[in-house]
Structures are given as structure tokens and as C-alpha cells.
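Colleague: Turn this into a structure:
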Amino acid sequence: MYRDKYRQNHSYDEPFSLFPPQTVNSSREAIAPYPIEDANEVINPIPVFTSSATNLHSTPPTRKNHDRYEMPFQYAEPMLDPLTTSSQTRVPPSLSTPTDSNFPREVQVGTPLNEAMIPPPPYEESEARILQEKAYRVESPPREIQEPTQPVPQLQPPRQPQRQVQPQVRAQEHSQPVPNPQPRSRDRRRGVEREKDLSGYLPKAVEFYKVYRATVDDSTNFTHSIQMKWCETLLEYAFDDEFLSQYNINAEKLKRTLKPEESLKNQKVILGHSFRVLTKLVSHKCGPALYLMGTLYSHQPYLNIKNKNIVDRNDKKALEYYCRAAKNNHSDACYRAGVCFEYQRGTPTEESNKERALQKAFQYYERGAVHCDNASCMYKLGMFYLYGFSGLQDPLEALQWFKRASEDGKSMQALYELGKIYEFTSLPTQVQSVLTKYNINRDPATALKYFHKCAMDYDYPLAQWKLGYCYEFGELQLPVIAKKSIAWYAKAALAQPKGNPMAMLALSGWYLTGAPDVLKPNDKEAFKWASRACEASDGKLSRAEYALACYYENGIGCHKDLAKARIHFEIAARLGHIKARDRLEKGF
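Modeller: Numbering: from 1, shown residues only. The predicted structure is shown next:
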């Protein structure tokens, strides 16, 4: 019976075909040998990663093709722009209601919306339909009944109403929107509102209800901030399994826990509605909505979305939306647009010239820094002025932007760069020459101050690695202290989300040689940390690849495997490691 009722909803009868959930591999932690001097006392042991990996999110079992709602969640066809810019483009079927002829498949950007363009409102649970679309519009009254004196917003007409509703009651219900959302629900039979009992709700469901209530009360106004919050909430809750199995899009607690296939349909409804709301916000040129659309296209959403493959990745579309949002002085959009131009991701053909692309990047960074007070854009401006990417190299200007960006720890990268400037020796020779011309010289004490503040106060892994390096080799006038070096390396290596690969490689070296009275040599741990360094760097750290190749070649902490050794030698050589090239040239 329940299944039959559930399938009566045809509002979103065409299923979404979503990308398989991405698996996340993590490793089980084991406790490394304690320092010798602390053998009888447990103090901050260094966790290491064992070779056996476990999956926090295992891949779902293979599903049968004949059951369409059992398919994993991703759009089946290439994702087109939900807003069209010409008559040839259209809203993809996965974002529209297949059975709804009133919702247009073609929406012109920047044109006023008519009633047919307005996305459908949330859904209500009834005896006949579990997830039936709710119509905000009042049903047309009979001719003999006088129209209400106050105009009623005409949105999308209802589909196949379940029961006859008195027109005067519905008109009265919508004539006075409630400004402040409270835990209440409507008794449609009596046309009055009563307080909603949320005592049995999960905390997350209570939060969802508050957003839902505010959205319903704002239905006649369509306030961007309220509707944007509703859209973001839908996108996040669409991937919350616990919520999907117990609540519907109307924030109503279901009478029983849904089965997996029913939860998937619930997810489809919530996700589909979120895109329709987002489409309307984008048509209103809402800056946050334009930015959100760009993050979805670039597969880098700022929302807590488990599956980032909601739409097909399209860097060109992402950049277009970032630029449109940046014109509205959206802070983060200015930064992301600048990054896209700097690294030429999705840039148009006319911006294929590297120098021209950098100039465009500089413009967006400057806009974000000056008009939006964006610390990341300030940091980028500092880098452009320090290295001359903008065509004008001015270290004094770079220092000013780095200092502004690092105020109150807003940009840890800027604080770290200030340390590098006064460390001096780690900068390219050409930059050192320009600094000298501007009377900016090496100052170890100032450099150490910036590095220590960045590492200690803001837990910046790169600065923590730098302190570990200084204590290992006696840099910046610090003494060589193995215990402090290992401690800083360990802190950087264990940083979230995946640790600093250079710190991991440094720990590998400490385990390989050991430290008298501090750490016993351990080949297995040395091998594991080198492996972890290669993984964390995505195979882009040449020294880590070379070290792992040597471990495999000599069987240090692992079984000797010349084939794997050659693979990592080749990767290191491709990355420019000189010793790796020599080994290969000598016929390894």
C-alpha cells in the first residue's frame, strides 16, 4: 500500500542518474615507537599509517539495471547551463519536471520571469501522496464567488488537487505572510495555524524546518537571502541519509523509515527542487547564486556535499559564473575568477596568451582586495608584486599587501611569505636582487618570528615543517634539536585534511637513521612515511618519489621490488629529479 501511494507522485517521474559515490581511502593509525627517553611515559606518540587501508565509505554494491531508482546518484546527460543564453540552449531535462508542461525548458537570461518560470514550491505529505508538490497558488474560485480584495500571488498552478478546498479559506491563508518563522503548521481544513510539535524531531530536522518555514513565509517576496539559504540547505540535506529516510522536503516527519530506494526518490525530489530554486536566483543575477553555480561546475562547492559530481565538470562554465558574480563584488568569486585566469582553467580562446591571462587574474585579485577586502586576493596581489607577474615588480607593495592580508591571521600564506622574505635565502636569485635594491635584507630573527607565529598561533602546516627543518639543520640561528624537529614534523604531517608531504618525508628520514636518545631506527616506519608522502603529494614531490624508489630497490622496510622501484624513479625523473635521471640513464 505504501509503495503504491509513493509511486503516485509523477512530479519528478524521470529519475536522475547520478555519479557513483566517491570512495575515500584512509589508513589505520598505529603507534610509532616512543622516544627512548620517554619509554615509561606516553607523551604525544607519533601515529604512523599501516599498509592495510580501510574505507570509511565503501562503494555501494552493484545494483540491478532494471530498477531505475536503485541507480547511483548522478545526472545522466552532460550538464548544460541551467540558464540558457540563447534560444539554442535549454534547461536540461534533469532540471525540469518531465510531466509539467507549464515549466519552460527555455529560460532567457536577464528576462523577467512570468508565472510559468517560477520554480515549484515545496511538497506536502497527504494520504494519497507521500511527496506531492504543494501549490502556493490559490485555486481559481467559482464565478459566483467574489475575488478576494487583496491580490493573491499566482505562481504555478496545482496539479490534480486531492480534495476540494474552499477558495476563501486559501485566499485568507496566503493574504497575510508571517514575517518571523515559528514552529507551527497549517490546519488547512479550518484555515488556521497551530503550533507544530517538534519534540520528536532530530536537531538537524528542526534546523531544516526553520529554513523551510522562512521560505514558505517568503513565497510572495522571493527575498534572495532567504531563498539562497533554502537552496543551500536543500543541497546539503539531499545527501544526509538519516534525514532522507525520516523526513520529506516539507520538513514533515514520515510515519515510518523509508527504504533505500524510497530515500533515493526523496533525494531526487529535494535535489531537483534545489536546482530549480537556484536557476531562478541566477536569473535574478543574485551574486551568491552565481557563485554557487560556478563552484558546482568546478566541482569545488563550499557546501558540505558528499558527492561533488552533481553536474558534469565544466571549467569554462565555472569561470563564466565566477566572473558574473565578481561583477557584483562577490568576494570569493573575485578570488576564484583570478585563480582560473592565473592557471588558465576554463579561460576563453582570446585569453590563451599566458601574459594576458595573468593580467586578467591581477584585475580580479585587485577587485577582490580593494572592493571586497578579501585576504586571499591580498595575498595573491602580494605574490604578483613580489615576483613581477603583473608586469611591475615592487617588493614594497608586496610587503604592504602581505601585511594587510595577514592581519588577525586572515591569510596564513601571507604570514608565511613574510617569513620567507626575511629568510631571504629560500627565494629565487632574481627576487633576492630586487629585494636588495629596495634595501630589504636577510633578517633571521624577523623571519623566525613570522614562521613561529604562523606555526604556533595558526597551525599552518608549511610553517610547522619549516620549524622542523630549522631544528634539524640549525637554520635561522636555531640549535640542532632532534626532539623538537621530530615534534614539528609530526605536527605538520598529521595536519588535516591530509598532512604536509614534505614533513612526512622528513619523518621518513628520521625513522631511517634514528636519533640518539630520542628515536630508534625503524625501517618499516621509514617506508610507510615515504609512501604516505607520495600519496599526500599526488605524486608531485620528486624527492618523495626518489626516496620510495630507493626503498623498493634495496628492500628497506618492504619486499624488494625492482619493477616498482623503476616506476618511482621514472616519476621522479619526470618531475626533474637529477639523481633519478642519472639512475635511469645508467640502465637501472
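
Colleague: how far away is Gly388 from Gln430?
Modeller: Distance of Gly388 to Gln430, given as Cβ to Cβ, to the nearest Å: 9 Å. From N, CA and C alone the C-beta is placed, and that goes for glycine too.

Colleague: When the two are compared, which one has more neighbours?
Modeller: Taking other Cβ atoms under 10 Å, Gly388 and Gln430 do not tie; Gly388 has more neighbours (15 against 11).

Colleague: Can you name the element that comes right after the longest helix anywhere in the chain?
Modeller: Longest helix in the chain, counting residues (DSSP state H): helix 260-283. Counting by DSSP states H and E, the next helix or strand C-terminal to helix 260-283 is helix 287-297.

Colleague: Now that following helix: average pLDDT?
Modeller: When pLDDT is averaged over helix 287-297, the result is 97.

Colleague: Next secondary structure element downstream of it?
Modeller: Criterion used, DSSP H and E; the element after helix 287-297 is helix 315-327.

Colleague: got the angle for that next one vs helix 260-283?
Modeller: Counting by axes from the mean of the first three to the mean of the last three Cα atoms, to 10 degrees, helix 315-327 lies at 50 degrees to helix 260-283.

Colleague: next SSE after helix 315-327?
Modeller: Assigned by DSSP H and E, the successor of helix 315-327 is helix 331-342.

Colleague: which strands and helices sit next to that next one?
Modeller: For helix 331-342, the helices and strands in contact under the criterion 3 or more Cβ pairs under 8 Å, 6 or more residues apart in numbering; DSSP states H and E are helix 287-297, helix 315-327, helix 354-372, helix 375-387.

Colleague: about what we covered before: just the CA atoms of the longest helix of the chain, as PDB, please.
Modeller: C-alpha atoms of helix 260-283 as PDB (Å, rounded to 0.1, in the frame of the first residue of the first chain):
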ATOM      1  CA  PRO A 260      16.800   2.800   0.500                       C
ATOM      2  CA  GLU A 261      15.000   3.000  -2.800                       C
ATOM      3  CA  GLU A 262      12.400   5.300  -1.300                       C
ATOM      4  CA  SER A 263      15.100   7.500   0.300                       C
ATOM      5  CA  LEU A 264      16.700   7.800  -3.200                       C
ATOM      6  CA  LYS A 265      13.500   9.100  -4.600                       C
ATOM      7  CA  ASN A 266      13.200  11.500  -1.700                       C
ATOM      8  CA  GLN A 267      16.700  12.700  -2.500                       C
ATOM      9  CA  LYS A 268      15.800  13.100  -6.200                       C
ATOM     10  CA  VAL A 269      12.900  15.400  -5.200                       C
ATOM     11  CA  ILE A 270      15.000  17.500  -2.900                       C
ATOM     12  CA  LEU A 271      17.900  17.800  -5.300                       C
ATOM     13  CA  GLY A 272      15.700  18.600  -8.200                       C
ATOM     14  CA  HIS A 273      13.900  21.400  -6.400                       C
ATOM     15  CA  SER A 274      17.200  22.900  -5.200                       C
ATOM     16  CA  PHE A 275      18.300  23.400  -8.700                       C
ATOM     17  CA  ARG A 276      15.100  24.900  -9.800                       C
ATOM     18  CA  VAL A 277      15.300  27.500  -7.000                       C
ATOM     19  CA  LEU A 278      19.000  28.100  -7.900                       C
ATOM     20  CA  THR A 279      18.000  28.600 -11.500                       C
ATOM     21  CA  LYS A 280      15.600  31.300 -10.600                       C
ATOM     22  CA  LEU A 281      18.100  33.000  -8.300                       C
ATOM     23  CA  VAL A 282      20.700  33.000 -11.100                       C
ATOM     24  CA  SER A 283      18.100  34.600 -13.500                       C
END
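
Colleague: Torsion angles phi and psi at Tyr343?
Modeller: phi -100, psi 10 (degrees, to the nearest 10).

Colleague: any idea how far it is from Tyr209?
Modeller: From Tyr343 to Tyr209 the distance is 42 Å (Cβ to Cβ).

Colleague: More neighbours: which of these two?
Modeller: The neighbour comparison of Tyr343 against Tyr209 (other Cβ under 10 Å) goes to Tyr209, with 22 against 13.

Colleague: Ignoring the adjacent residues along the chain, who's closest to the more buried one?
Modeller: Ala251 (3.9 Å; Cβ to Cβ, 6 or more residues apart in numbering).

Colleague: quick one: contacts for the one you found?
Modeller: 205, 208-209, 212-213 (Cβ atoms under 8 Å, 6 or more residues apart in numbering).

Colleague: mind checking the SS state of it?
Modeller: coil (DSSP: H, G, I helix; E, B strand; the rest coil).

Colleague: Help me confirm that Ala482 comes into contact with Gly514.
Modeller: No. Ala482 is beyond contact range of Gly514, at 9.4 Å (criterion: Cβ atoms under 8 Å).

Colleague: which sections of this protein are below the confidence cut-off?
Modeller: Low-confidence segments of the chain, defined by pLDDT under 70: 1-194.

Colleague: could you pull out the strands for it?
Modeller: According to DSSP state E, the chain carries its strands in the segments 24-31, 47-57, 123-124, 132-133, 184-187, 192-195.

Colleague: Could you list the buried residues of stretch 217-229?
Modeller: Using 16 or more other Cβ atoms under 10 Å as the test for burial, stretch 217-229 gives 217-219, 222, 224, 226-229.

Colleague: Can I get these in TSV including distance to Tyr322?
Modeller: As requested, the buried residues of stretch 217-229 are exported to TSV (distance: Cβ to Cβ, whole Å):
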residue	distance to Tyr322
Asp217	32
Asp218	27
Ser219	30
Phe222	24
His224	18
Ile226	24
Gln227	21
Met228	17
Lys229	21
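
Colleague: Which of these sits closest to Trp401?
Modeller: Distance to Trp401 across those (Cβ to Cβ) is lowest for Met228, with 30.9 Å.

Colleague: My read is that that closest one contacts Gly287, right?
Modeller: No. The pair Met228 / Gly287 is not scored as a contact, 9.5 Å apart, by Cβ under 8 Å.

Colleague: Would you map the helices across the stretch 351-500 of the chain?
Modeller: Per DSSP state H, counting those that start in this stretch, the stretch 351-500 of the chain carries helices over the ranges 354-372, 375-387, 395-405, 412-423, 429-437, 444-458, 461-473, 482-493.
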